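>>> Starting from these lines, generate the structure:
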Amino acid sequence: MKDKFYQYIQALQNTITYKLEEIDGKAKFQEDLWERPEGGGGRTRVIENGQVFEKGGVNISAVHGELPETMRNHFGVKDANFFACGLSLVLHPKNPMVPTVHANWRYFEMYNQEGEIVDQWFGGGQDLTPYYLFEADAVHFHRTCKTACDKYNPNFYPTYKKRCDEYFFNSHRHEARGIGGLFFDYCKASKDMSMENWYDFVTEVGNSFLDAYVPIVEKRKELPYTKAQRSWQEIRRGRYVEFNLVHDKGTLFGLKTNGRIESILMSLPPHVQWVYNHQPEKGSEEDKLMEVLKKPIEWI
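Next comes the predicted model:
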């Protein structure tokens, strides 16, 4: 399974980066191959200073070795080795009318000292972080997520949508990072879903990413914006940074397993503001977004 999924994310990385370069029309992804001393490595691709994308990364990795002590404590095991591979992407568009997007699809195996698999699971998801709320975009993104989920189980979308709302939440701010999407983790074999079934589901979601995001980018990338709207975007990006550094499990896992720091932190935007006690004007478009972020809503 691990070889099969790694081949999939290699191909998906190519598909996504080629399409994003086409949309941007100016910048190209820079590729960086890296190795992890303890085992494994990855292929990082970063785009910067484009016409559409100010900064973005579409990274794949496959790492293995002894499970670090902090992770052993987390999983409640004494001695174990692991393998983990996945694709992680974050895109920060230049135009504040275009939302930031994040996605991740991953696979994990854990082994005993004899090298036997003692646990395995899939995880992942995709979520949208707008700076200005276009309800049609939110509906489109969520409908695409639901279509992918419904092919496997009608309960997947409401379940994973709720988990996404709960996970991508800046509890110290009492507000969501964005308008959600899907989040699933520890997807293991059961009487209803084999690991092959989970592979099919996760790759279905992965394949839906461009359909979910590209039409939004194409619709909004040429919209005019003001300096004040750009400033609001940078303030909201600050909240994005806060979530990734304080709460995000993927970031913490990478740091705890001696992952490549440049790849882990490629999700951070290049221009950010932290303005003391900033509050949007009541009734403004900025305030409209904040009202939605305070309490998740059902988009479809």
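>>> Extract the CA atoms of stretch 144-161 and return them as CSV.
Extracted in CSV, the C-alpha atoms of stretch 144-161 (Å, rounded to 0.1, in the frame of the first residue of the first chain):
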residue,chain,number,x,y,z
THR,A,144,-17.1,19.5,-4.7
CYS,A,145,-16.0,18.0,-1.4
LYS,A,146,-19.4,16.4,-0.8
THR,A,147,-19.5,14.9,-4.3
ALA,A,148,-16.2,13.1,-3.7
CYS,A,149,-17.4,11.9,-0.3
ASP,A,150,-20.9,10.7,-1.5
LYS,A,151,-19.3,8.2,-3.8
TYR,A,152,-18.2,6.2,-0.8
ASN,A,153,-20.6,7.0,2.1
PRO,A,154,-23.3,9.7,2.5
ASN,A,155,-22.2,10.2,6.1
PHE,A,156,-18.6,11.1,5.1
TYR,A,157,-19.2,14.7,4.1
PRO,A,158,-21.2,15.8,7.2
THR,A,159,-18.8,13.9,9.5
TYR,A,160,-15.6,15.2,7.9
LYS,A,161,-17.0,18.7,7.4
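>>> Pull the residues that contact that stretch.
Applying CB atoms under 8 Å, 6 or more residues apart in numbering, the contact partners of stretch 144-161 are 125-126, 142, 180-184, 192-193, 197, 200-201, 204-205, 207-208, 211-212, 300. For glycine as for every other residue, the C-beta is placed from the backbone atoms N, C-alpha and C.
>>> from the residues you listed, which ones fall inside helices?
Among those, the ones falling in helices (DSSP state H) are His142, Asn197, Asp200, Phe201, Glu204, Val205, Asn207, Ser208, Asp211, Ala212.
>>> residue ranges for the helices of this structure, please.
Under DSSP H, the chain gives helices at 2-24, 69-75, 135-150, 156-167, 195-220, 227-246, 249-256, 261-264, 285-294.
>>> Val52 is nearest to which of the ones you listed?
Smallest distance to Val52 across these (CB to CB): 4.5 Å, for helix 2-24.
>>> Reformat the ones in helices among the contacts of stretch 144-161 as TSV; add distance to Val63, pLDDT and neighbour count.
Shown next, in TSV, are the ones in helices among the contacts of stretch 144-161 (distance: CB to CB, whole Å; pLDDT from 0 to 100; neighbours: other CB atoms under 10 Å):
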residue	distance to Val63	pLDDT	neighbour count
His142	32	98	22
Asn197	25	98	15
Asp200	24	98	13
Phe201	23	98	21
Glu204	25	98	14
Val205	22	98	26
Asn207	24	98	14
Ser208	26	98	20
Asp211	29	98	14
Ala212	28	98	24
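>>> Turn these into a markdown table, columns for distance to Pro96.
Listed next are the ones in helices among the contacts of stretch 144-161 as a markdown table, based on distance: CB to CB, whole Å:
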| residue | distance to Pro96 |
| --- | --- |
| His142 | 21 |
| Asn197 | 40 |
| Asp200 | 37 |
| Phe201 | 34 |
| Glu204 | 31 |
| Val205 | 27 |
| Asn207 | 29 |
| Ser208 | 25 |
| Asp211 | 23 |
| Ala212 | 20 |
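>>> What is the nearest of these to Arg239?
Among the ones in helices among the contacts of stretch 144-161, His142 lies closest to Arg239 (CB to CB), at 20.9 Å.
>>> Can you verify my assumption that the closest one contacts Asp165?
No - between His142 and Asp165 there is no contact under CB atoms under 8 Å: 11.1 Å.
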